[in-house]
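In: Generate coordinates for the sequence data below:
(chains A, B, C and D)
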2 protein chains.
Amino acid sequence: MALPRSEEKRIALLESAADIMAAQGLGASTASIARGAGVAEGTLFRYFATKDVLYNALYIHLKLDLAAALRQHMAAHDSVEDQVHALWDAYIDWGVSNLSFFKTLNQLVVSDKVTDETRCTVASQLSDIKCVAQACSDNNGLSALPGGFADAVFMALAETTIQFVVRDPANGQAYKSAGFRVFWSGSVR
Amino acid sequence: MALPRSEEKRIALLESAADIMAAQGLGASTASIARGAGVAEGTLFRYFATKDVLYNALYIHLKLDLAAALRQHMAAHDSVEDQVHALWDAYIDWGVSNLSFFKTLNQLVVSDKVTDETRCTVASQLSDIKCVAQACSDNNGLSALPGGFADAVFMALAETTIQFVVRDPANGQAYKSAGFRVFWSGSVR
DNA sequence: AGTCCTGTTGTGAGTACTCACTCATTAATT
DNA sequence: AATTAATGAGTGAGTACTCACAACAGGACT
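Out: Model prediction:
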């Protein structure tokens, strides 16, 4: 072996993809993604055999980045409410300060380019966070509903909240606590 | 004048566009949309000069269809809560029974293909419905927040609820009322 | 009625362009 | 020198959009 394939370039490509897809949608061209990463278009295809492979790698990269941010703020709390609230704040903060990651991730989540296999792989690596979500679900009125509804409501409210915090940062804290109140006092029975 | 340009074909094109875009995204080809409407590709461009014109016409068509559905269920109610609840149910029902309309509309709403002018035009035709939304906003804890947050929360929750009702119709009613409870008891102070 | 005339709609092969992806060549490292 | 990474013009498929022509519906005149 002569040259090692550089992890740096891989990451530069992923972050360029996130930035450009946030602005132009998932249809952003591979040419512009490569240019944004400062490499030739052919190089992109050395790291990701097809664009679909890139989509899936990007989904994993973004989810793990989010998970790392959440874990930093998952100290033990007295009540379930405090714990979920900490998760909420961490999630909103991540979205606001990594806006293009957040936007692109939201597009990938609803895209059929990301395979079920990829989703499963990621989910299994996030089991510790799912744990907290489960504790929350078990303690509120949504637990009676088939799986995932509480999660989905959490995500939907967070997405909306992040949009408003970004659009009007002066009221950021107000949106953040209002959003959490809707989720919490709305779902606790 | 010889042949009147048929309103039927215009509508067939719009509905075909909604169906195909719901499945394939806004990038669906004009060729497939025309085929779905049973006309030649050139015909599409007689009715809509460019694809962007089609996007805007489709946005208007879908919004007005939704508004018509909502108006049918806007009888006067005793309390603001009942009124908003009726609006909620009507919205969920429309989304569930016009799923491709709903999906495509959600894509158009966040797309930059739809001009601000189009959005304004539609908004002015929906002033009566906005009225109820306003009454709701004035009566709950979100009214203190800068405009649109309560609306956005309503829409986000409705979108999530519709997804779950469609995925698991047996529990449809449960999702529907749980979703409303999150919105209402979460936002009333 | 029948037949031309006129103006409009409907058509689909054709055009210019963009895209994801390839591959012969060059650059870099051991 | 040997081996592999990096490059970017090139390829074929697919895109939105065009245009010369065919199909058609009236009105006017035998």
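
In: domains of chain A?
Out: The record's domain split for chain A, according to automatic domain parsing, is A:1-49, A:51-187.

In: mean confidence score for the longest one?
Out: Domain A:51-187 shows an average pLDDT of 89 in the prediction.

In: Is it positioned near DNA strand D?
Out: No - judged by C-beta under 7 Å from any atom of the strand, domain A:51-187 stays clear of DNA strand D, getting no closer than 12.0 Å. For glycine as for every other residue, the C-beta is placed from the backbone atoms N, C-alpha and C.

In: for chain A, what's the longest helix?
Out: helix A:51-71 (DSSP state H).

In: For that helix, name the packing helices and strands.
Out: Packing contacts for helix A:51-71, counted by 3 or more C-beta pairs under 8 Å, 6 or more residues apart in numbering or on different chains; DSSP states H and E, involve helix A:7-24, helix A:30-37, helix A:80-97, helix A:99-109, helix A:116-125, helix A:127-138.

In: pLDDT on the second one, on average?
Out: Averaged over helix A:30-37, pLDDT sits at 98.

In: I'd like the distance from that helix to the chain centre, please.
Out: Here the centre of helix A:30-37 is set off from its chain's centre by 22 Å, with C-alpha atoms, centre = their mean, to the nearest Å.

In: Likewise for the first one?
Out: Remark: helix A:7-24 is offset 15 Å from the chain centroid, using C-alpha atoms, centre = their mean.

In: tell me the most buried of the domains of chain A?
Out: domain A:51-187 (a mean of 17; mean count of other C-beta atoms under 10 Å in any protein chain shown).

In: Leaving out chain neighbours, which residue sits closest to the residue in chain A positioned nearest to chain B?
Out: Nearest to chain B, among the residues of chain A, is A:G186, at 2.8 Å (C-beta to the nearest C-beta). Closest residue to A:G186 apart from its sequence neighbours, by C-beta to C-beta, 6 or more residues apart in numbering or on different chains: B:G186 at 2.8 Å.

In: Can you give me the distance of that neighbour to DNA strand D?
Out: 41 Å (C-beta to the nearest atom of the strand, to the nearest Å).

In: just how off-centre is stretch A:118-129 within its chain?
Out: 12 Å.

In: Outside of that stretch itself, list whatever touches it.
Out: A:56, A:59-60, A:63-64, A:67, A:70-71, A:74, A:87, A:130 (C-beta atoms under 8 Å, 6 or more residues apart in numbering or on different chains).

In: ok, the residue lying closest to A:I162 once chain neighbours are set aside to A:S111 distance?
Out: In space, A:I162 comes closest to A:G95 once its chain neighbours are excluded; the distance is 3.9 Å by C-beta to C-beta, 6+ apart. In this view, A:G95 and A:S111 are 18 Å apart by C-beta to C-beta, to the nearest Å.

In: I'd say A:A178 and B:F149 touch.
Out: Yes - A:A178 is in contact with B:F149 according to C-beta atoms under 8 Å; the separation is 7.0 Å.

In: which parts of chain A sit against DNA strand C?
Out: Selection of chain A residues close to DNA strand C by C-beta under 7 Å from any atom of the strand yields A:2-3, A:27-31, A:41-42, A:45, A:49-52.

In: Quick check: the farthest pair among those?
Out: For the residues of chain A next to DNA strand C, with distances taken as C-beta to C-beta, the pair at the greatest spread is A:A2 and A:G27 (36.3 Å).

In: Backbone torsions only: list them for the closest residue to A:H85 other than its chain neighbours.
Out: Among residues not flanking A:H85 along the chain, A:F180 sits closest, at 5.9 Å (C-beta to C-beta, 6+ apart). Reported as degrees, to the nearest 10, the phi and psi values for A:F180 are phi -70, psi -40.

In: Would you mind measuring from A:S97 to A:Y91?
Out: Taking C-beta to C-beta, one finds A:S97 at 11 Å from A:Y91.

In: what's the answer for A:S187, then?
Out: A:S187 is 16 Å from A:Y91, where distance means C-beta to C-beta.

In: just to revisit the earlier point, wait, which of the domains of chain A is closest to B:A170?
Out: Closest of the domains of chain A to B:A170 is domain A:51-187, at 8.9 Å (criterion: C-beta to C-beta).
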